[in-house]
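Trainee: pasted the sequence and its predicted model underneath.
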Amino acid sequence: MFKYLITISPLGFMYGSSGGFLSPENLVGRSGAKFPPEAATLSGLFFSTNKVKSYISPKQLSDNLFVAGPFWAKSDDPEYFYVPIPWHKIISKKGVDEWKMQSGKWHRESEDLDPEYSWQTVNSWVNKTATIKKNGDVADIPWKYVPILHPKTKDDERCTLAEDGLFLENSVQMDDEYCLVYLSTHPLADGWYRFGGENHLVEIKSVLLDDDSPIVKLLRQPIQRSFALITPGVWGSNKFSYRYPKNDDFSQKRPDMLTDKPISYRYRAKGQMGRGRYAVPPGTVYLLREPLDKTWWEFPENWFPKEGFSLKQVGCGLCLPIEIQGVE
């Protein structure tokens, strides 16, 4: 079980790019922008930190470390962090709506109402959609993209190179009152670290989770017929990415889904770039024909790809049970 919250507060900018920088000929848009960093980034920080100041054997860390995220929270109240809103809940500034099952089909009342909020507090997870909005348990993301144009100078002169002399860093600026949050089975020593693709400086703290923390209570509840992802879901073999586990013990339950288009997912392990994949986006809702009767911790490892380590160890497919109207 996850025992710690790892809070990450940027000391200035953080990165927001995925892949190479934009070329001098194409200094527009946010090509490949991706923020916040995936849990695999935090996992890598654990291993690099342990190399410098060993506090646990590398094999124990490799076998037992699980992390999950990303989430975010107010810095003074990280235990009540924000998680992606399940797709069956539609919360807009104009009103709310909810997908439900009616005569065996998905149905909702206001077809023209589009969701405007994507994050809700974890302690409001089980609340009705109208209650979540009324209590102010939804919020806009507390960061913004800030493009920074950097010159690349000559070695012997303070002049920009004649060719490829500029590159654009897609930095991200977070509100000072907020921090990123990840779940972890192990703590990191409090302090300043280099974190993310461009090694920006951050302050990290480890917070021990109480047994009555909202996330701990939710993760202990066995999933029956419906659940929603709160992290990207990567299922399948090492060659293919599926929308759900293809193993008989899951696929025979004939899952129905509410989801969006897949998102790119890639990570680096042991200095090597992992296989590029597509992931099912957070917020995706799964509805099963039969009860699953398992918590995420009890999901078999063969539901997840494994390249040196199981992607379950970086929190892939972390999910929580939900209630859908019309589903018993």
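Mentor: Good, I have the coordinates.
Trainee: and stretch 182-191, what's buried?
Mentor: By neighbour count with 16 or more other CB atoms under 10 Å, stretch 182-191 contains the buried residues Y182, L183, S184, H186, P187, L188. All C-beta spots, glycine's among them, are computed from the backbone N, C-alpha and C.
Trainee: so how far is G69 from the third one?
Mentor: Distance, S184 to G69, by CB to CB, to the nearest Å: 9 Å.
Trainee: swap in the fourth one?
Mentor: The gap separating H186 from G69 is 14 Å, by CB to CB.
Trainee: so which residues of the stretch 201-328 of the chain form helices?
Mentor: 214-219, 248-251 (DSSP state H, counting those that start in this stretch).
Trainee: so what's I132 closest to, chain neighbours aside?
Mentor: Take I132 and drop its neighbours on the chain: the residue closest to it by CB to CB, 6 or more residues apart in numbering is S124, 5.0 Å away.
Trainee: meant to ask about R194, not that
Mentor: Spatial nearest neighbour of R194, chain neighbours left out: L201 (6.4 Å); criterion: CB to CB, 6+ apart.
Trainee: correct me, but the one you found touches S9?
Mentor: No - the pair L201 / S9 is not scored as a contact, 10.1 Å apart, by CB atoms under 8 Å.
Trainee: so the two - more neighbours on which side?
Mentor: Neighbour count, other CB atoms under 10 Å: between L201 and S9, S9 has more, with 17 against 14.
Trainee: helix, strand or coil for the more buried one?
Mentor: At S9 the chain is in strand, as set by DSSP: H, G, I helix; E, B strand; the rest coil.
Trainee: any idea how far Q325 is from it?
Mentor: 39 Å.
Trainee: ditto for L188
Mentor: Taking CB to CB, one finds L188 at 41 Å from Q325.
Trainee: one more: L11?
Mentor: Distance, L11 to Q325, by CB to CB: 45 Å.
Trainee: select the helix or strand of this protein having the lowest average pLDDT value.
Mentor: strand 272-273 (a mean of 56; mean pLDDT, DSSP states H and E).
Trainee: bridging residues for P321?
Mentor: Under DSSP bridges, the beta-bridge partners of P321 are F227.
Trainee: burial check on it, number of neighbours?
Mentor: Neighbours of P321 (other CB under 10 Å): 19.
Trainee: and it, what is it in contact with?
Mentor: If you count contacts by CB atoms under 8 Å, 6 or more residues apart in numbering, P321 has them with L218, Q221, P222, I223, Q224, S226, F227.
Trainee: OK, contacts around the third one?
Mentor: By that I understand P222. Contacts of P222 by CB under 8 Å, 6+ apart are L292, D293, K294, T295, E298, P321.
Trainee: ok, now the second one?
Mentor: Q221 sits next to T295, L320, P321 when contact means CB under 8 Å, 6+ apart.
Trainee: repeat that with 10 Å
Mentor: Contact analysis of Q221 by CB atoms under 10 Å, 6 or more residues apart in numbering lists V126, F227, T295, L320, P321.
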